[in-house]
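In: please work out how this folds:
(chains A and B)
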Amino acid sequence: DAKTTQPNSMESNEEEPVHLPCNHSTISGTDYIHWYRQLPSQGPEYVIHGLTSNVNNRMASLAIAEDRKSSTLILHRATLRDAAVYYCILREANNAGNMLTFGGGTRLMVKP
Amino acid sequence: ETGVTQSPTHLIKTRGQQVTLRCSSQSGHNTVSWYQQALGQGPQFIFQYYREEENGRGNFPPRFSGLQFPNYSSELNVNALELDDSALYLCASSLGEVSTDTQYFGPGTRLTVL
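Out: Numbers count the residues shown, from 1 in each chain, chains lettered A, B, ... in the order given. Below you'll find the model as predicted:
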């Protein structure tokens, strides 16, 4: 899986939007962009994924740059419960087996 | 909604011992993967089982082995424990082995090797 680059940490105020960036300049045409997050003392949980178009679900939105070399996870109104480490992961669509290659992720801190 | 459980929650072993960690996947999930997460780092892939056969392995030595059973449970066995094996061990299950399948993680087992 191709490599991603994320800031080590970010801070946000409660009830404000949060934009978590991810750079993946070596992404290939068949790589999906996945986001997982890991709340304190828990295993990672799936957040969202996309290929080319922007995606929305009940947890977040994913904005993908036109050249696909970067993406942004958007939390529309951060809550204290959103404090977690967020991982941006590329997964090759044609790869048999579905291992996840985690980087260091971004630690999001939410202030009340 | 994950439905993935792991046991035990915490475990303390001494160097050279052997350990077995257990995972119960979501019903109907044919794939289970195991990850090792050292403190302050992202999880690292150990191996994956699909329908009771290993079909992918990360950069871990053979003393890390596993089993998957027909009842959606699985085991991670580690022989000859080393101090560096101290970590959180996570299992994750998914429906199949397609690379876009969502993985559902358990809460992990914290292993401490003294």
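In: close to chain A: what parts of chain B are there?
Out: Contact residues, chain B versus chain A (Cβ under 8 Å from any Cβ of the partner chain): B:2, B:4, B:31, B:33, B:35, B:41-45, B:48, B:50, B:55-56, B:58, B:90, B:92, B:94, B:97-108. Where you see a C-beta, it was placed from the backbone N, CA and C, and this is true even at glycine.
In: among those residues, which lie within strands?
Out: B:31, B:33, B:35, B:44-45, B:48, B:50, B:55-56, B:90, B:92, B:94, B:104-105 (DSSP state E).
In: mind putting those residues into TSV with neighbour count and pLDDT?
Out: Output for these, formatted as TSV (neighbours: other Cβ atoms under 10 Å in any protein chain shown; pLDDT from 0 to 100):
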residue	neighbour count	pLDDT
B:Thr31	23	90
B:Ser33	29	93
B:Tyr35	27	97
B:Gln44	19	95
B:Phe45	22	94
B:Gln48	25	92
B:Tyr50	19	89
B:Asn55	14	87
B:Gly56	18	88
B:Leu90	28	98
B:Ala92	29	95
B:Ser94	23	89
B:Tyr104	21	93
B:Phe105	24	96
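In: distance to A:Ala83 for those residues - can I get that in JSON lines?
Out: Below are these laid out as JSON lines (distance: Cβ to Cβ, whole Å):
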{"residue": "B:Thr31", "distance to A:Ala83": "30"}
{"residue": "B:Ser33", "distance to A:Ala83": "26"}
{"residue": "B:Tyr35", "distance to A:Ala83": "22"}
{"residue": "B:Gln44", "distance to A:Ala83": "23"}
{"residue": "B:Phe45", "distance to A:Ala83": "26"}
{"residue": "B:Gln48", "distance to A:Ala83": "30"}
{"residue": "B:Tyr50", "distance to A:Ala83": "34"}
{"residue": "B:Asn55", "distance to A:Ala83": "36"}
{"residue": "B:Gly56", "distance to A:Ala83": "32"}
{"residue": "B:Leu90", "distance to A:Ala83": "20"}
{"residue": "B:Ala92", "distance to A:Ala83": "22"}
{"residue": "B:Ser94", "distance to A:Ala83": "26"}
{"residue": "B:Tyr104", "distance to A:Ala83": "21"}
{"residue": "B:Phe105", "distance to A:Ala83": "18"}
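In: so what's the gap between the least confident helix or strand in chain B by mean pLDDT and the chain middle?
Out: Least confident helix or strand, chain B: strand B:53-57 with a mean of 90, by mean pLDDT, DSSP states H and E. Relative to its parent chain, strand B:53-57 has a centroid offset of 12 Å by Cα atoms, centre = their mean, to the nearest Å.
In: what's the burial count for residue 38?
Out: In the absence of a named chain, this looks at chain A. Using other Cβ atoms under 10 Å in any protein chain shown, A:Gln38 has 22 neighbouring residues.
In: can you look at chain B instead?
Out: B:Ala38: 13 neighbours (other Cβ under 10 Å).
In: I'd say it and B:Ala87 touch.
Out: Yes: counting by Cβ atoms under 8 Å, B:Ala38 touches B:Ala87, with 4.9 Å between them.
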